[in-house]
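Participant: Sequence first, predicted coordinates after that:
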Amino acid sequence: MKKRMSLTKKILVGLILGALFGLILNKIPSDFIKNTIFVNGILKLVGQIFINSIKMLVVPLVFVSLVCGASAIGDVKKLGRVGVKTLGFYMATTAVAITLALVIAKVINPGIGLDLSNVLKQEPTIGTAKPLVEVITDMVPQNPIASLANGSMLQIIVFALFTGVTMALIREKAEPVINIFNSLNEIIMKMVKLIMLIAPYGVFALIAKTFATVGFEAMFPLLKYMLAVLLALLIHALFTYMGVLGLLGRLNPIKFFKNMGSAMSVAFSTASSSGTLPLTIETVEKKCGVSKNVASFTLPLGATINMDGTAIMQGVAVIFISQVYGIDLSIQAILTVIFTAVLASVGTAGVPGVGLITLSMVLTSVGLPVEGIALIIGIDRLLDMCRTVVNITGDAVCTIVVAKSEGEFDENVYYAENESIEYEGLENNKETFSNSASELI
């Protein structure tokens, strides 16, 4: 039986073929067939349908996901100190992650060298600075329905979080509504997966149109973008997370990577924090010495709200896209990006493809063209695999540090060389976890 090609491979094929086709078109003299039929016809049609499909899901995805995430977080009060420590860790590291990404992107300047400012349909909306007081007051919507209709992201986020927390406070009475939102969330996640099925064709059309317009000069900025994301992910994992593990947990980071190797490899291969969650929980409990009471709370919560890898991608992408389109970001716009990305992480589902849709939300919050996603979507799957590893690394480090502070951690298990004894089942089940999670790809 012939094995089906994974979506990741299909997107890579679409990227390569699209780039080659675009370069060929770029060398052909302008005429009716090139400009009207291909560049502004077929390629524009397919690419714009794909971009519109992503835009279509932004508002419902953000609202429903955040309501579900916030209503689940409402259980934190039952766990007292553990909940406060966990939430504090996740939010703080997400803010550090996106700040780090913005700094690295500003140093590398990935978008310099590619100029698409002439293709903007309208002027961006980030030019007018508002007083800080007005920015904060505008976050609270006067009319939530109008905010949803207009796509006012910060207002949608605030209203969704308020709705979810309120539902959590009256959990028993709100249970039917919570179930409805959970069902809606499943529906939207399925819609995301269906849209990602046409991603290879969308990537082909979008990349081909870009290369047909600007030629080979688009390649180097894309490589710089990849470098910036990977560098930020590496620094965040090695310095932020391992610094916390060493300073607060007083534990050996090298031993951490040895213990988490199985879960990290599955996270990389599936690009899904949620799909890796069963293996992550088993690994943290049996190899890292965390009690089940803590792990069963902090890890599922982390898979829901701790998306540092995604935040890093969004930070670099914002700088990249702003530079490509020749748009200067003000300090206010950068602070808005940080704030929006941190809040958005609460509801970002741990499945492949969702990060790009939440990126469109971040771009919208500062008035950058969502069409810029076309430049990075082809290489995003490779980066998604790497940032998923960073995501579960953060979940595990938080769980270990919190468990140790609560006396729910066995250091002997953490340092034990017992993989061949206690974890035979874990290694045998690795393929099962990988196969089940790969259905998401």
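Facilitator: Yep, it's here. Residues are numbered from 1 along each chain as shown.

Participant: Would you mind measuring from P300 to D395?
Facilitator: Separation of P300 from D395 (CB to CB, to the nearest Å) stands at 9 Å. No exception for glycine: its C-beta is placed from N, CA and C like everyone else's.

Participant: Between the two, tell me which one has more neighbours.
Facilitator: Between P300 and D395, D395 has the larger neighbour count (other CB atoms under 10 Å), namely 33 against 17.

Participant: What residues does that one make contact with?
Facilitator: S273, T280, T298, L299, G302, A303, N306 (CB atoms under 8 Å, 6 or more residues apart in numbering).

Participant: Would you mind checking these for buried ones?
Facilitator: Using 16 or more other CB atoms under 10 Å as the burial test, the contacts of D395 include S273, T280, T298, L299, G302, A303, N306 as buried.

Participant: of all those, which two lie farthest apart?
Facilitator: S273 and T298 (13.2 Å; CB to CB).

Participant: Run through the helices of the stretch 201-350 of the chain in chain order.
Facilitator: Per DSSP state H, counting those that start in this stretch, the stretch 201-350 of the chain carries helices over the ranges 219-235, 242-247, 253-259, 261-270, 273-286, 292-305, 308-324, 331-344.

Participant: Rounded mean pLDDT for the last one, please.
Facilitator: Just to be clear, that refers to helix 331-344. Averaged across helix 331-344, pLDDT comes to 78.

Participant: Also the second one?
Facilitator: Helix 242-247 shows an average pLDDT of 93 in the prediction.

Participant: what comes up buried for that helix?
Facilitator: In helix 242-247, counting by 16+ other CB under 10 Å, buried: M242, V244, L245.

Participant: Just send those back as a markdown table, with distance to G47 too.
Facilitator: Output for the buried residues of helix 242-247, formatted as a markdown table (distance: CB to CB, whole Å):
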| residue | distance to G47 |
| --- | --- |
| M242 | 41 |
| V244 | 42 |
| L245 | 44 |
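
Participant: Closest one of those to T358?
Facilitator: V244 (24.8 Å).

Participant: and the nearest residue to K287 once chain neighbours are set aside, how many neighbours?
Facilitator: Residue nearest to K287 in three dimensions, not counting chain neighbours: N259, with 4.1 Å by CB to CB, 6 or more residues apart in numbering. Using other CB under 10 Å, N259 has 25 other residues around it.

Participant: Numbering from 36 from now on, please.
Facilitator: From this message on, residue numbering opens at 36, which makes the last subject N294.

Participant: Against A203, how distant is N294?
Facilitator: For N294, the distance to A203 (CB to CB) stands at 33 Å.

Participant: Pull the contacting residues for V377.
Facilitator: Going by CB under 8 Å, 6+ apart, V377 touches M126, T129, A130, I133, A346.

Participant: which of the residues you listed lies closest to K225?
Facilitator: Taking CB to CB as the measure, A346 is the one of those closest to K225, at 24.7 Å.

Participant: can you pull the pLDDT of that closest one?
Facilitator: We have a pLDDT of 86 for A346.

Participant: what's the answer for S182, then?
Facilitator: 86.

Participant: Check which helices and strands the helix or strand encompassing it sits against.
Facilitator: Here S182 sits within helix 179-185, counting by DSSP states H and E. Taking 3 or more CB pairs under 8 Å, 6 or more residues apart in numbering; DSSP states H and E as contact, the helices and strands that helix 179-185 lies on are helix 188-204.

Participant: those strands in the protein, which residues are they?
Facilitator: Counting by DSSP state E, the chain forms no strands at all.

Participant: which sections of the stretch 186-335 of the chain are below the confidence cut-off?
Facilitator: Residue ranges of the stretch 186-335 of the chain with pLDDT under 70: 188-189, 249-253, 304-306, 309-310.

Participant: 90 instead?
Facilitator: The stretch 186-335 of the chain contains residues with pLDDT under 90 at 186-209, 213, 217, 220-258, 283-284, 293-294, 296-318, 320-322, 325-335.

Participant: what's the spacing between the residue nearest the centre of the chain and M224?
Facilitator: Central residue of the chain (CA atoms, centre = their mean): T345, 2.9 Å from the mean position. Counting by CB to CB, the gap from T345 to M224 is 15 Å.

Participant: can you check E320 too?
Facilitator: Between E320 and M224 the computed distance is 27 Å (CB to CB).

Participant: Over to Y449?
Facilitator: In terms of CB to CB, Y449 sits 35 Å off from M224.

Participant: Then V424?
Facilitator: From V424 to M224 the distance is 21 Å (CB to CB).
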